[in-house]
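Novice: generate a structure from the sequence data that follows.
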Amino acid sequence: MDTANQDINLNSPNKGLGTNDLAADGVEEGAVAAARVLPPGMTEEEAEELRTELTKVEEEIHTLRQVLAAKEKHAGELKRKLGLSPLTELKQNITKGWQDVQTSNAYKKTQETLSVAGQKTTAAFSTMGTALSRKFGDMRNSTTFKSFEDKVGNLKTKVVGGRANGEEVQSPEAQSPSNPVQDNAPF
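Specialist: Reported below is the predicted structural model:
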C-alpha cells in the first residue's frame, strides 16, 4: 500500500485505507477533496509543493508510529525480563507520587496548618476539662448539693440498712429463724 496516500485521521472509519481505496468507494475526505480545490490566490505550483510537503510529513508520521510501536514492544520485553509486572510498576508509581505529594509546598502547608489546629484543639479541650472539673468541685461544695447528698445517704441507710461498706448481704437461708422470709412469688 502506498503510505503517501494513506488516510491518517485516527478517528476516521477508513483509517489505513489509501486514497485510491476511498475514491473507489466514492468517498472523498480531507486532503483528497482539498487537493482539487485551490484556495484563492494560490497557484497550481504552490499547491503541488504543499501537497508534496504534506506527503512527506505523512510518511514521517507513519514511520514514527512504526518506530514507537517497535520501541514499546522492546520496552515491554525488557520489563518482562526484569520481572517488572504492571502491578509492580503501579506500586512504584504510587510510591513516587506519594513522595512527590509529601515534598510539595501545598502538602507541607496543609500539614503545618493541621498540626497547629490540633494543638489548639487539644489546648481548648484541656481548658474545658479544667473548667468543668472546677465547676463540679464548686457544685459539690454548694449547700444544695450537700443537702441532696445527705438525702441520698439517708435513703441508702433506710434501703440497705445500717451495715458498713464491705459487709456481705446475707441470703434468706442464712437469716435467723426468728425472722423467716416469706416467699410470695406467684411462680
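
Novice: for the record, mean pLDDT for stretch 41-50?
Specialist: Averaged over stretch 41-50, pLDDT sits at 90.

Novice: buried residues, it. List them.
Specialist: Neighbour counts over stretch 41-50 (16 or more other Cβ atoms under 10 Å) mark Ala47 as buried. Every residue, glycine included, has its C-beta placed from N, CA and C.

Novice: can I get that stretch in PDB? Just the C-alpha atoms.
Specialist: Written as PDB, here are the backbone C-alpha positions of stretch 41-50 (Å, rounded to 0.1, in the frame of the first residue of the first chain):
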ATOM      1  CA  GLY A  41      -4.600  33.400  -4.500                       C
ATOM      2  CA  MET A  42      -2.700  30.100  -4.700                       C
ATOM      3  CA  THR A  43      -1.100  28.900  -7.900                       C
ATOM      4  CA  GLU A  44      -1.000  25.300  -9.000                       C
ATOM      5  CA  GLU A  45       2.700  25.100  -8.400                       C
ATOM      6  CA  GLU A  46       2.300  26.300  -4.800                       C
ATOM      7  CA  ALA A  47      -0.500  23.800  -4.200                       C
ATOM      8  CA  GLU A  48       1.700  21.000  -5.700                       C
ATOM      9  CA  GLU A  49       4.600  22.000  -3.400                       C
ATOM     10  CA  LEU A  50       2.300  21.900  -0.300                       C
END
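
Novice: what's around the closest residue to Phe145 other than its chain neighbours, how many residues?
Specialist: Spatial nearest neighbour of Phe145, excluding adjacent residues (Cβ to Cβ, 6 or more residues apart in numbering): Met139 at 5.6 Å. The tally of other residues near Met139 (other Cβ atoms under 10 Å) stands at 10.

Novice: again with Tyr107
Specialist: 13.

Novice: who touches it in this structure?
Specialist: Contact analysis of Tyr107 by Cβ atoms under 8 Å, 6 or more residues apart in numbering lists Val101.

Novice: where do the helices sit along this structure?
Specialist: In the chain, the helices defined using DSSP state H lie at 19-25, 30-36, 44-82, 86-103, 105-140, 143-160.

Novice: mean pLDDT lowest where, among these?
Specialist: helix 19-25 (a mean of 47).

Novice: Met139 and Glu149: what is the separation?
Specialist: Note on Met139: its distance to Glu149, by Cβ to Cβ, to the nearest Å, is 11 Å.

Novice: noted, bye for now.
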